[in-house]
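Student: The sequence and its predicted three-dimensional model are supplied below.
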Amino acid sequence: MSLNSKILKFFGSNTKITNNDVEKLCSVSNATAERYLDQLEKDGKLTQHGKIGTDVFYTLK
């Protein structure tokens, strides 16, 4: 299973995901988690809420 699929599957039992969730779920660094979330947002799968810091989270589009 790809990491993007793993992230999207997380929404089966959650309504939002944070960078910290992705770090733990995929065992990746903060920067890598950001890249995955940014790519999913560019692909039109996620919507970012907030701009910077711990208040940022993503929901399914």
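Tutor: That came through fine. Numbers count the residues shown, from 1 in each chain.
Student: Please work out which residues outside the helix or strand encompassing D21 touch it.
Tutor: In the assignment (DSSP states H and E), D21 maps to helix 19-26. If you take Cβ atoms under 8 Å, 6 or more residues apart in numbering as the criterion, helix 19-26 is touched by 3, 6-7, 10, 14, 28-30, 32-34, 36-37, 54, 56. All C-beta atoms are positioned from the backbone trio N, CA, C, and that covers glycine.
Student: Check which element follows it along the chain.
Tutor: Downstream of helix 19-26, the first helix or strand assigned by DSSP H and E is helix 30-42.
Student: Mind giving me the packing neighbours of that next one?
Tutor: Counting contacts by 3 or more Cβ pairs under 8 Å, 6 or more residues apart in numbering; DSSP states H and E, helix 30-42 packs against helix 3-9, helix 19-26, strand 46-49, strand 57-60.
Student: how far away is D55 from L8?
Tutor: D55 is 22 Å from L8, where distance means Cβ to Cβ, to the nearest Å.
Student: go on, V22?
Tutor: V22 sits at a distance of 11 Å from L8 (criterion: Cβ to Cβ).
Student: So between the two, which is more surrounded?
Tutor: Neighbour count, other Cβ atoms under 10 Å: between V22 and L8, V22 has more, with 24 against 15.
Student: Got the confidence number for the more buried one?
Tutor: Looking at V22, its pLDDT is 97.
Student: who touches the nearest residue to it once chain neighbours are set aside in this structure?
Tutor: Distances taken as Cβ to Cβ, 6 or more residues apart in numbering place A33 nearest to V22, at 3.9 Å, with adjacent residues excluded. Contact analysis of A33 by Cβ under 8 Å, 6+ apart lists 19-20, 22-23, 26.
Student: ok, how many other residues are close to C26?
Tutor: By the criterion of other Cβ under 10 Å, C26 has 17 neighbours.
Student: pLDDT weak spots in the protein?
Tutor: By pLDDT under 70, the chain contains no weakly predicted segment.
Student: Many thanks, have a good one.
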